[in-house]
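Novice: Coordinates only, no sequence provided:
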């Protein structure tokens, strides 16, 4: 199972506590994980990726295994530790702003 | 006894304030959607338990929320969790937060750019919903005014939103330019006497009217004068802040512009200035007494460079003559050291016999007058900055 950690406001929108676990077939990529996330939680569509372009929203970042993966291709395989469930994919909102 | 329900959108959540017809003691519910910018909440005139809300943030974009029980509980009206987001055949099902400009070959190919702050052409980019206007007759139909300026409509209770592309496509779009707060479509007025007539206003393009239910539009800015644009009397380019209309007198419109309070007696075809003796005619809000169509309210703001009330005094001004002759209403409002602003959608009136007037400030206060403005009292003092105020009058 793939583990995903959402920012607090999206946990509230999706009505989840803690981590989200998703079944995602390999290859496990940003795109396939987010597709699975949005299929399970359709209210999150448009909040992480722009509706039209499917690009990551500007004030969000993707982290895993202590690395910022935000600028990796959405179709690049995520680290093996994410794919085998050892490490989560973190979706983090920018701390800036009021 | 009748009740009132005040819907308050703030920078950090929504609040619902309820009282009986005396409007003296209030229950406060909230914050709903804590931490989000709640640009606008409005109830359906056809079903007062149906309320729509625009929930937005720079991080996560736009969400539309809907309540079917008067604001007690809320849900996003898109595809329910657990249900496939595509229909058989692969077509996507409703996502209530999806606002995508029409770029179809049939209807939407006309326009892809508008003026930017520096005068260059800039593509349309959706940012947020500024204003929701439920249909007068159908609780499932709602119009949404968005930034970058366009008008959308849902007919399925918020599940799907489709642009009415005739507005952006009617021809003047490349000349539209953002106001300081963004290029927003902030005012939508539905004519109760003519289901085909819709008025809208955009900062900073001006006012527009449709007479065919939103298919085609024309600018209605004749008589507006804006000295800071290259052609002060241009067909478009005026920064209209808000328009108000009394439902009993459709076709008579009052406008608060970026400087000037204006009036039209012919559905916007012509405008004339009615600022009269206002101490300053810059401001954002304007509204009309529920039962006296010639009684109008504004909150003068010092200037376009200083967005707070004039002379440190929070004063609502009322004209009982449809403009020109104004009186200051101050009883119960702070008259010293007050430097708040009142944003364009942050004033409303109820329709009780003694018309109540409400407004919210950037300082977080929401004030009520239960006597048409003669006296005021705070309902709440310490909310986050108020973005919008609407009132439902309930049986």
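Specialist: Cool, the structure landed. These numbers come from a predicted model, not from an experiment.
Novice: show me the contacts for residue 72.
Specialist: No chain was given, so I picked chain A. A:30, A:62 (Cβ atoms under 8 Å, 6 or more residues apart in numbering or on different chains). (Each C-beta comes from the backbone N, C-alpha and C, glycine too.)
Novice: I'd like the distance between it and chain B.
Specialist: For residue A:72, the distance to chain B equals 20 Å [Cβ to the nearest Cβ, to the nearest Å].
Novice: can you pull the pLDDT of that residue?
Specialist: pLDDT recorded at residue A:72 is 94.
Novice: How much space separates it from residue A:30?
Specialist: 7 Å (Cβ to Cβ, to the nearest Å).
Novice: ok, now residue B:96?
Specialist: 24 Å.
Novice: the more surrounded of those two?
Specialist: Higher neighbour count among residue B:96 and residue A:30: residue B:96, with 27 against 24, using other Cβ atoms under 10 Å in any protein chain shown.
Novice: which residues does the residue nearest to the more buried one when sequence neighbours are not counted contact?
Specialist: In space, and not counting its chain neighbours, residue B:96 is closest to residue B:78: 3.7 Å by Cβ to Cβ, 6 or more residues apart in numbering or on different chains. Residue B:78 makes contact with A:42, A:43, A:45, B:93, B:94, B:95, B:96, B:97, B:98, B:158, B:159, according to Cβ under 8 Å, 6+ apart.
Novice: please redo it, this time with the cut-off set to 7 Å
Specialist: A:42, A:43, B:94, B:95, B:96, B:97, B:159 (Cβ atoms under 7 Å, 6 or more residues apart in numbering or on different chains).
Novice: Number of residues surrounding the last one?
Specialist: Yep, that's residue B:159 we're talking about. Count around residue B:159 with other Cβ under 10 Å applied: 19.
Novice: Output the below-cut-off pLDDT ranges for chain A.
Specialist: A:96-98 (pLDDT under 70).
Novice: That should have said chain B, apologies.
Specialist: Within chain B, the ranges that satisfy pLDDT under 70 run B:79-94, B:108-111.
Novice: For it, which residues are neighbours of chain A?
Specialist: B:35-36, B:58-61, B:63, B:76, B:78-79, B:81, B:85, B:95, B:97-98, B:100 (Cβ under 7 Å from any Cβ of the partner chain).
Novice: Pick out whichever of these sits closest to residue A:19.
Specialist: Closest approach to residue A:19 among the residues of chain B next to chain A (Cβ to Cβ): residue B:81, at 17.1 Å.
Novice: can you point me to the longest helix in chain A?
Specialist: helix A:30-40 (DSSP state H).
Novice: how close does the residue nearest to residue B:96 sit to residue B:49?
Specialist: Distance from residue B:78 to residue B:49, by Cβ to Cβ: 20 Å.
Novice: Ok, residue A:14 next?
Specialist: For residue A:14, the distance to residue B:49 - Cβ to Cβ - is 25 Å.
Novice: Just want to know which of these two has more residues nearby.
Specialist: A direct count of neighbours by other Cβ under 10 Å for residue A:14 and residue B:49 places residue A:14 higher, at 19 against 15.
Novice: Using the three-state scheme, assign the closest residue to residue B:95 other than its chain neighbours.
Specialist: Spatial nearest neighbour of residue B:95, chain neighbours left out: residue B:78 (4.5 Å); criterion: Cβ to Cβ, 6+ apart. Classification of residue B:78 using DSSP: H, G, I helix; E, B strand; the rest coil returns coil.
Novice: who's in contact with the host helix or strand of residue B:241?
Specialist: Following DSSP states H and E, one finds residue B:241 within strand B:240-245. The set of residues external to strand B:240-245 that reach it, using Cβ under 7 Å, 6+ apart, is B:186-187, B:189, B:199, B:201-203, B:206-207, B:252-258, B:284-288, B:344.
Novice: Which ones among those residues lie within strands?
Specialist: Of the contacts of strand B:240-245, the ones assigned to strands by DSSP state E are B:186-187, B:189, B:199, B:201-203, B:206-207, B:253-257, B:286-288.
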